[in-house]
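K.L.:
A predicted structure for the sequence below; I have some questions about it.
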Amino acid sequence: MVREGKKKAGRERRSSPKGSRDDSRDHAPVDDAIELKEIGDERPLQVVNRRDFVQEGITFLALAGLAGISLRALKPPTTGPDPTLHPLEGPPSPIPGDSASGPSPAGTPVPGLQEASFYVQAAGGKVACDLCPHGCVLSPGQRGICRVRENHDGRLYTHGYGNPCSIHIDPIEKKPLLHFLPTTTAFSIAIGGCNFRCLNCQNWEISQRTPEEVEQGELTPAEVAELAKRDGCASVAYTYSEPSAWYEYMLDSGTATRALGMRNVWVTNGYLNQRPLKELCKVLDGANVDLKAFSEKMYSELCSGTLRPVKDTIVTLREQGVWVEVATLLVPGYTDDMDLLRDMCTWLVKALGPDVPHHISRFHPDYKLTHLPWTPMKALKEAREIARDAGEHYVYVGNVAPSSDIPDPETTYCPSCGQAVIERTGFVVTKFDLEGGSCPKCGESIAGVWA
Ligand code: SF4
């Protein structure tokens, strides 16, 4: 099937993102000193749904048991807000930029907790976290917006290390990563916490809680890699919540995974400062980054975050040689403005070239937006055409099954001759017709990591 209305905006004859056009970068220099916003309208933390944990955890427990790995007793769900969680009291002070941050200070460790990286100490026992653009400045006993990192007596610790709440073996197509080792599986892990407050979050039962408020297992980074290897996974995926919130665990697990010859993929909101991002890139192979909207106003309203650091993250990932795919959820009344979507697609092509797969996905009512309708199919079709007209080579419609409206939501077409080279239904690849990463009909290189 030949794509319609497609305009070509250049072509990259390669199989990896290396060599992206640096001169096309149009964003401003990175500035991480972003003012922290009050996160209002927080509903009380609730007991996590035990059924969901069990569903996710069955594989985890089976794997761990088979592997003979000892797990500590799973903690029961809490019955209310964690008494150790102290919300931020007033806006924090701006913190120094990345270059001003030094190594973590030495001191007496807190038993059972891992000291965080990327922070500086300040007067009065405060610490300034330099991991993500929120830049939380925390007094002793306070925890950051991510609900994971906490000031203990003037030192910053993470509550998200070695205590995953979700483990599952997923098809890589579920991440979604459609141009990255198709048909392989990813050993997928998560710890509770997130540095965003997306009104539409589909994983809010783990992302909008502290790690301790969801049931946890115990798995060291080495055990993550060992289990993934034993089960034949090609990669480990850091996913479900926001992995940046448990950065140290992701980084160490990534190092262990690489040592056993597997890849690492990051499914993320992209809200991470440049210095930790570049450190992370040393172990990353692929990433799916949410580009949720293309206006600062909408990022603030929908996610309590900001757009520019996310754009910077996407560009840096490409520059560092990480395979990148981008996901945009069309939330009715929030992110379905077609003019802004056109701006987004134009920026993507200009900044990264035409070969970054773009997943434009259907919203379903969830979390704080249950009053909204599903995204209309008409809007999804229009969005796909806008992305193609902007020059994007690989545009996919996510969260929909093939139908008369959109019969080919996740089909890969050759950008040169229009041949359908990969077809998928759900997470299943039903046709794979590449020869050495190229179109069998015309020989055009199809961008991706195919082996
Ligand atoms: S990682 Fe957490 S504590 Fe650090 S700045 Fe971001 S939200 Fe705040």
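P.N.:
Right, received. Where do you want to start?

K.L.:
near the ligand, which residues of the stretch 51-200 of the chain show up?
P.N.:
The stretch 51-200 of the chain has residues 129, 131-132, 134-136, 144-146, 149, 195 near the ligand, with proximity defined as CB under 6 Å from any ligand atom. Bear in mind the C-beta positions are built from the backbone N, C-alpha and C, glycine included.

K.L.:
can you do 5 Å?
P.N.:
Within reach of the ligand by CB under 5 Å from any ligand atom, the stretch 51-200 of the chain has these residues: 129, 131-132, 134, 136, 144-146, 149, 195.

K.L.:
for the residue nearest the centre of the chain, give me its contacts.
P.N.:
In the chain, the residue lying closest to the centroid (CA atoms, centre = their mean) is Thr268, at 1.1 Å. When contacts are counted by CB atoms under 8 Å, 6 or more residues apart in numbering, Thr268 touches 238, 242-244, 287-290, 313.

K.L.:
looking at those, spot the one nearest Gly154.
P.N.:
Ser244 (23.3 Å; CB to CB).

K.L.:
isn't that closest one up against Glu279?
P.N.:
No - proximity of Ser244 to Glu279 does not meet the contact threshold set by CB atoms under 8 Å, at 11.9 Å.

K.L.:
between the two, who's got more neighbours?
P.N.:
Ser244 (27 against 14; other CB atoms under 10 Å).

K.L.:
how about that one, nearest residue that isn't a chain neighbour?
P.N.:
Sequence neighbours aside, Leu272 is the residue nearest to Ser244 in space, at 4.7 Å (criterion: CB to CB, 6 or more residues apart in numbering).

K.L.:
okay, now the unreliable bits of the chain?
P.N.:
For the chain, the stretches flagged by pLDDT under 70 are 1-108.

K.L.:
CA atoms of stretch 400-420 as CSV?
P.N.:
C-alpha atoms of stretch 400-420 as CSV (Å, rounded to 0.1, in the frame of the first residue of the first chain):
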residue,chain,number,x,y,z
VAL,A,400,-6.0,1.6,17.8
ALA,A,401,-6.7,-1.7,16.0
PRO,A,402,-6.7,-1.8,12.2
SER,A,403,-10.2,-0.7,11.1
SER,A,404,-12.0,0.8,8.1
ASP,A,405,-11.1,4.2,9.5
ILE,A,406,-7.4,3.4,9.7
PRO,A,407,-6.6,0.0,8.2
ASP,A,408,-2.8,0.4,8.6
PRO,A,409,-2.1,2.2,12.0
GLU,A,410,1.3,0.6,12.5
THR,A,411,2.5,-0.3,9.0
THR,A,412,6.0,0.8,8.0
TYR,A,413,6.2,2.1,4.4
CYS,A,414,9.3,2.6,2.4
PRO,A,415,9.8,6.4,2.3
SER,A,416,11.1,6.1,-1.3
CYS,A,417,8.7,3.8,-3.2
GLY,A,418,5.9,3.4,-0.7
GLN,A,419,6.2,-0.4,-0.3
ALA,A,420,4.7,-1.8,2.9
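
K.L.:
which other residues reach it?
P.N.:
Against stretch 400-420 from outside (CB under 8 Å, 6+ apart): 1-3, 6, 8, 11, 173, 178-179, 354-355, 362, 377-378, 380-381, 384, 393-394, 396-398, 421-426, 431, 433, 439-442, 444, 446.

K.L.:
that one: which residues count as buried?
P.N.:
For stretch 400-420, burial by neighbour count (16 or more other CB atoms under 10 Å) applies to 400, 402, 406, 408-416, 418-420.

K.L.:
now name the helix or strand holding Gly254.
P.N.:
helix 247-259 (DSSP states H and E).

K.L.:
got a ChimeraX select line for the buried ones in the contacts of stretch 400-420?
P.N.:
Buried members of those, defined by 16+ other CB under 10 Å, are picked up in ChimeraX with:
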select :3,6,173,178,179,354,355,362,377,380,384,393,394,396,397,398,421,422,423,424,439,444,446
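
K.L.:
restricted to strands, list the contacts of stretch 400-420.
P.N.:
362, 396-398, 421-425, 431 (DSSP state E).

K.L.:
the nearest residue to His152 once chain neighbours are set aside: what secondary structure?
P.N.:
Leaving out its chain neighbours, the residue that sits closest to His152 by CB to CB, 6+ apart is Val110, at 5.0 Å. Going by DSSP: H, G, I helix; E, B strand; the rest coil, the secondary structure assigned to Val110 is coil.

K.L.:
wait, Ala190 touches Val236, no?
P.N.:
No - with contact defined as CB under 8 Å, Ala190 and Val236 do not form a contacting pair (11.6 Å).

K.L.:
burial check on the closest residue to the ligand within the stretch 251-400 of the chain, number of neighbours?
P.N.:
Of all residues in the stretch 251-400 of the chain, Tyr271 sits closest to the ligand, at 7.6 Å by CB to the nearest ligand atom. Neighbourhood size, Tyr271 [other CB under 10 Å]: 25.

K.L.:
can you pull the contacts of Thr425?
P.N.:
401-402, 410.

K.L.:
which one of those residues is nearest to Asp389?
P.N.:
Nearest member of the contacts of Thr425 to Asp389, counting by CB to CB, is Glu410, at 19.4 Å.

K.L.:
the closest one falls within a strand, correct?
P.N.:
No - using three-state DSSP, the assignment for Glu410 is coil, not a strand.

K.L.:
and for Thr430, the neighbour number?
P.N.:
Neighbour tally, Thr430, other CB under 10 Å: 12.
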